[in-house]
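Student: Dropping a prediction and its sequence here:
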Amino acid sequence: MKYAGLLVMPAGFFLTLTALVLFPDSTRRLAFVLCGLAVVAMGLVVAVRGHMPARGASRP
Amino acid sequence: MNATAAMIPAPAMSDAVFALTLALLLLAPLAIAGVALINTGLGRSRSAAQALLGNLALGAVAALVFALVGASFAGTLGSSDAAIHAVGKTWGVLGLGPFLLHGLGSAPPQAQLALLFEFMAVAMAAMIPWGSGADRWRLSGGCASAAVLAGIVFPLAAHWIWGGGFLAELGANFGLGAGFLDAGGAATVHLLGGLAALALVWIAGPRRGKFPREGLSTAMPGHNAVYVLFGCLLALVGWLAWNLAGAVIWLHAPLAALPGTAINTLLSAAAALVATFSITRIRFGKPDASLCANGWLAGLVTSTACAALTTPLEAIFAGAVAGIITPLLVELLEIALSIDDPSGAIIVHGAAGLWGLLAAGFFASQAGQLTAQLVGIAALLGLVLPLLYLLFALLNRVVAFRVDPDGERIGMDLHELGGGAYPEFVIHRDESYR
């Protein structure tokens, strides 16, 4: 899970770059950059959840 | 206020401006000293000497590695860089300057000041994660991570943002305002340091006994609130100098704009402190000293991104938001996400830096500036965090970050240094916290 999240994050960044190249219109560009950031945020959430110790598990 | 300054080509720097900026940069280490004191005070007494020595050692290693290789990749002294040519644009990704600071003496004055600024920045960025690893992170592991940060990751970010890389050129290439703006290092220092702290905490794990099998997390309060609060005062002096020097070097701000930048820095920190003070007073009945210190620092971190770009009212708003989110996110991280961050660096430097960069985009007058800031944030979160995690995870296999359980039990001072910071104090056992 944690590695999947960390792999998704660069995909979100490349989506923001793609938005810059594909959309000259500023509103659409901003919307797709936000979508890219949302993908980055999703990856971060997955990585955070993957690193959370399970409840009741033995911890160091 | 002077957001358009970054679009103006760098003017020749007069002797007076050079002297003033150099003097400001000589005061900037006070910010580093403040953060070092805060890191130390928020850790436990049995690890205090190791914590403060670690701050010094990490800063020293970072400065040396940056001088040897990092400055070359940041490209501050060189005009060439490794760039990708795609879709009709040039995307600068890595500086290719001379190694070992060759040619420093003959570089233009502005480039020399920029390099000095980067030395301060790399030392600060390397120290930020140290507070998050307090009471369990070995000195050797800390120094190794500082070397990686100063040799690879910081130069990459510095080149993208300050060295004419693809983020700096977003304005010229895509008409996005003045390109990604980061006058004081909110991205290259604080967001980078906060992300490094998050990667480290994930890899090293929480302190022993922090998250018991049942119930809430164990409270492990910092051992010296006086260090922490005095560190905040010291940091203010350094931050004022840091933000003013950054405005001159990276935004080419005129001298007349500097008092406004200083006032905005102070207002941002003040608003953040008042907000955190109020939030903790409402939530806990009394204000919390360490959270208030975190709030103050978060306000300063926010100001690094936007003090040179906003009006005083906007600076107050940005600082207040930082002060409100800081205690809430610190609590969320510890209680909901089981992330053990003794110094709060992930929120104070990472989240507040991110908010400052966003605020700079919101308040900027040029069209497209917000988009540029968002692309920069996506680059740091989407590329730099996974890169940091990968490098730290590999490094952890070579130089173990975490001390053995026995070392953690007796304290890092005795284990790593052979003597405590306070030899006449009685050391509490872990069980005394329950």
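Tutor: Sure thing, it's come through.

Student: what helix or strand is the nearest residue to B:Gly231 once chain neighbours are set aside on?
Tutor: Nearest non-adjacent residue to B:Gly231, counting by CB to CB, 6 or more residues apart in numbering or on different chains: B:Leu37, 3.2 Å away. C-betas here are computed from N, CA, C, even on glycine. Using DSSP states H and E, B:Leu37 sits in helix B:29-41.

Student: Residues touching that helix, excluding its own?
Tutor: B:48, B:51-52, B:55-56, B:59, B:120, B:123-124, B:127-128, B:130-131, B:134, B:222-228, B:230-239, B:241-242, B:293, B:297, B:300, B:343, B:345 (CB atoms under 8 Å, 6 or more residues apart in numbering or on different chains).

Student: buried residues in that helix?
Tutor: Residues of helix B:29-41 classed as buried under the neighbour-count rule (16 or more other CB atoms under 10 Å in any protein chain shown) are B:29-41.

Student: which of the contacts of helix B:29-41 are buried?
Tutor: B:48, B:51-52, B:55, B:59, B:120, B:123-124, B:127-128, B:130-131, B:134, B:222-225, B:227-228, B:230-232, B:234-236, B:238-239, B:241-242, B:293, B:297, B:300, B:343, B:345.

Student: quick revisit: narrow the contacts of helix B:29-41 to those in helices?
Tutor: B:48, B:51-52, B:55-56, B:59, B:120, B:123-124, B:127-128, B:130-131, B:225-228, B:230-239, B:241-242, B:293, B:297, B:300, B:345 (DSSP state H).

Student: Just the pLDDT for whichever residue of chain A sits closest to chain B.
Tutor: Proximity of chain A to chain B (CB to the nearest CB) peaks at A:Phe13, 3.0 Å away. With respect to pLDDT, A:Phe13 scores 96.

Student: and it, what element?
Tutor: helix A:2-22.

Student: can you list contacts of that helix?
Tutor: A:28-29, A:32-33, A:35-51, B:87, B:170, B:174, B:176, B:202, B:374-375, B:378-379, B:381-383, B:385-386, B:389-390.

Student: Tell me how far B:Leu181 lies from B:Gln366.
Tutor: 10 Å (CB to CB, to the nearest Å).

Student: Compare neighbour counts for the two and give me the winner.
Tutor: The neighbour comparison of B:Leu181 against B:Gln366 (other CB atoms under 10 Å in any protein chain shown) goes to B:Leu181, with 31 against 19.

Student: The more buried one falls within a strand, correct?
Tutor: No: counting by DSSP: H, G, I helix; E, B strand; the rest coil, B:Leu181 is not found in a strand; it is coil.

Student: Give me every residue in the stretch 201-350 of chain B lying close to chain A.
Tutor: The interface of the stretch 201-350 of chain B toward chain A, taken as CB under 8 Å from any CB of the partner chain, is made up of B:202, B:205-206, B:208, B:210-214, B:337-339.

Student: now these in CSV, with neighbour count?
Tutor: Shown next, in CSV, are these (neighbours: other CB atoms under 10 Å in any protein chain shown):
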residue, neighbour count
B:Trp202, 19
B:Gly205, 19
B:Pro206, 21
B:Arg208, 18
B:Lys210, 22
B:Phe211, 23
B:Pro212, 11
B:Arg213, 9
B:Glu214, 6
B:Leu337, 15
B:Ser338, 18
B:Ile339, 24
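
Student: which residues does the closest residue to chain A within the stretch 301-434 of chain B contact?
Tutor: Closest residue of the stretch 301-434 of chain B to chain A, CB to the nearest CB: B:Gly382 (3.0 Å). Contacts for B:Gly382 (CB under 8 Å, 6+ apart) come out as A:9-14, A:16, A:36, A:40, A:43.
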